[in-house]
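# model the structure of this input:
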Amino acid sequence: MISQASIQNLKNYIDIVEIIGSYIELVPDGSGFKALCPFHSEKTPSFKVSPQKGIYFCYGACAKGGDAINFVMEYEHLGYKEAIEKIADMCGFTLEYDNKKEIKKTDTLEKIAQFYAQNLSKSPLHLDYLKQRGIDENLIKTFCLGYCPTSAQNLGFANANGLDFRELLEYGVLGKRQDSSSSSHARTQGVSNTQNSTGLRANERMYARFSDRVIFPIHSPNGKIVGFGGRTLNDTAVKEGKIGKYINSPQSTIFNKSKLLYGYHIAKSAIFKRKQIIITEGYLDTIMLHKAGITNAVATLGTALTKEHIPLLDKGSPQIILGFDGDKAGINAAFKASKLLAPLSKKGGVVIFPNGADPADMVAQGRINELEQIFASPAPFIEFCFRHIIEAHDIEKNPLQKEDALKESSEFLHSLSPLMQEEYVGFLANLLHIPQRLITTKYDKGALINLQNTKSKIYKNTAVLESSGDRLERLILRYMLENESLLNRALDFIDVRIFVDYKEAFEALCADNKNHPLLLGIALDPLPLRNDDEGKGFEEELKYFIRRYLERELKLATDISLITRLRSKIAKLNKGELQTI
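Coordinates of the predicted model:
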């Protein structure tokens, strides 16, 4: 059994908005959030979530309510224990079971963060640096900034407070390295190895990884500390290549820099309210934008934007603004991020700050109105990518360079959705100063016919360009082909068994093989998609699709228990509740 103390700790740890928001679209509503109820069909939102009280309730027909655990139980059709384990897994929280020692993953990091914060107040040099950058006491407190002192002080604090040294090593607060001294005192600064087994070899010692750095605690979306970023003020050592200006915690069971965004736990309410997220390159940029009232700003953790960030960016379906520095590194980072976001048809774009400035400097200089104007006029991701590719080539004087630019930009064009490819052919031709006929799309008719001919024996002369096979199956596939999030949503309820005419197409889509002939045909099929941000049009079609399959299975069923289950699912579908097949 899961211990009651552990369950209570989980309840204190989780954010109900984060949990429910990972399943359904929530929109701000006063001090809480609202949504169309996922448990019955409705056109007007009656489903309310209160982050303050940690509960939800439907004021509509179903009148269902409870906490985050109740929601997951109802939505996933899980038992109480399974729902708790599901939520813990979603949040990276370690549950404890009866007769086992209770462990709290983030307790150690919270204590270390408090230690860093106390030491910042004792370090005039680092306090002065932050104040010179425009960071006041309120911002220091809001973002829990700190200072990491010497290794000896860190080890002394950990020992005095009974912290687990293995945990400190695992989470990267401490590191270990070769030591010329064989003294155990030199290795552990007086740590009792009977109480805190470190696993150190005779020639190793521990040290503070962030020693003599300003500390920026890094939080999970739920607001729990999972790691740290540290900035040194020793610019000479940085220039000589001896140390990095910024370092982050290493990857661990609770820290993955490719999934996290700095400041998201503070910015998320503004992100949901404004339907916009601003992503910067640095911690100071984010902090200073918050000072300027631009509180929907976050930062990457010293790494490029990755596919692993997408689930976090999908929450609330915000417009995404990349606010990167105007230097070469910033522009290249913006290009890589745009190449990731453009094929996903993300709204938003790129802003590049003039004359190599960065957001932190502009806020410190009082150029807030200018900043707001810049953020209001981003370059769309697709256009930014095309311009960046072409500007890297001398297309005016060198025909071979122009040919290279055409090849590279065409590869990017082919990564886009069919509609975007067709829309941007003319734009690209104008940039390259070439006839539009020289630019082909990945989904052009000639290519499709060739693919059809080569596959004709396999597909028995099925016309790729014409409507063929079951229309509802094509419609469902088209929705999922246009929007990967709908595919991920559907996979919670269906699998290949539900398809009759398009089993192979579905398997190809799941394998991300969008060049499959059947998928190419579906991509151009003039099917009436209902394009709404909430995906309700798709959900209605999916319900009908599942109901049709269950009714087909019901006609074939002979087992009483199976007949009962199928009838129960069909009844729930008739009430507007999605069911698994």
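# buried sites along stretch 224-243?
224, 225, 226, 227, 228, 229, 230, 231, 232 (16 or more other Cβ atoms under 10 Å). To be clear about C-beta, it is placed using only N, CA and C from the backbone, and glycine gets the same treatment.
# for the second one, which non-adjacent residue is spatially closest?
Ranked by Cβ to Cβ, 6 or more residues apart in numbering and with sequence neighbours excluded, the top spatial neighbour of residue 225 is residue 109, at 4.4 Å.
# secondary structure element for the one you found?
helix 107-120 (DSSP states H and E).
# continuing past that helix, what's the next helix or strand?
Counting by DSSP H and E, what follows helix 107-120 is helix 124-132.
# pLDDT of whichever helix or strand comes after that following helix, averaged?
Where DSSP H and E defines the elements, the next helix or strand beyond helix 124-132 is helix 137-142. Average pLDDT, helix 137-142: 96.
# got it, and stretch 249-265?
Stretch 249-265 shows a mean pLDDT of 90.
# please apply the same query to stretch 87-106.
The model assigns stretch 87-106 a mean pLDDT of 66.
# buried residues in the helix or strand hosting residue 546?
Using DSSP H and E, residue 546 maps to helix 536-556. Using 16+ other Cβ under 10 Å as the test for burial, helix 536-556 gives 537, 538, 539, 541, 542, 543, 545, 546, 547, 549, 550, 553.
# could you work out the most separated pair of those?
537 and 553 (25.3 Å; Cβ to Cβ).
# I'd like the average pLDDT over the helix or strand harbouring residue 159.
For residue 159, the enclosing helix or strand under DSSP H and E is helix 151-160. Computed over helix 151-160, the mean pLDDT rounds to 95.
# please apply the same query to stretch 508-516.
82.
# residues of that stretch that come out buried?
508, 509, 514, 516.
# tell me which residues are up against that stretch.
442, 477, 480, 481, 487, 491, 504, 505, 518, 519, 520, 523 (Cβ atoms under 8 Å, 6 or more residues apart in numbering).
# one more pass at 7 Å, please.
Stretch 508-516 is contacted from outside by 477, 480, 481, 487, 505, 519, using Cβ atoms under 7 Å, 6 or more residues apart in numbering.
# quick one: end-to-end distance for it.
By Cα to Cα, to the nearest Å, the extent of stretch 508-516 from end to end equals 7 Å.
# gap between it and the chain center?
23 Å (Cα atoms, centre = their mean, to the nearest Å).
# ditto for stretch 471-482
Using Cα atoms, centre = their mean, the offset of stretch 471-482 from its chain centre is 25 Å.
# for it, give the mean pLDDT please.
89.
# ok, now stretch 376-395?
Mean predicted confidence for stretch 376-395 is 95.
# look up phi and psi at residue 204.
Main-chain dihedrals, residue 204, degrees, to the nearest 10: phi -120, psi 150.
# for residue 340, same thing?
Torsion angles, degrees, to the nearest 10, at residue 340: phi -80, psi -40.
# chain neighbours aside, what residue packs nearest to it?
residue 305 (6.0 Å).
# residue contacts, that neighbour?
With Cβ under 7 Å, 6+ apart, residue 305 has these contacts: 279, 337, 340.
# repeat for residue 135
residue 287.
# any idea how far residue 372 lies from residue 20?
32 Å (Cβ to Cβ, to the nearest Å).
# pick out whichever of these two has more residues nearby.
A direct count of neighbours by other Cβ atoms under 10 Å for residue 372 and residue 20 places residue 20 higher, at 21 against 12.
# one step back: turn the buried residues of helix 536-556 into CSV, including pLDDT and distance to residue 438.
Output for the buried residues of helix 536-556, formatted as CSV (pLDDT from 0 to 100; distance: Cβ to Cβ, whole Å):
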residue, pLDDT, distance to residue 438
537, 84, 37
538, 89, 37
539, 89, 42
541, 89, 39
542, 93, 41
543, 92, 46
545, 92, 42
546, 94, 46
547, 91, 49
549, 92, 47
550, 92, 51
553, 90, 52
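# which one of the residues you listed is nearest to residue 299?
Closest approach between the buried residues of helix 536-556 and residue 299, by Cβ to Cβ: residue 538, at 33.3 Å.
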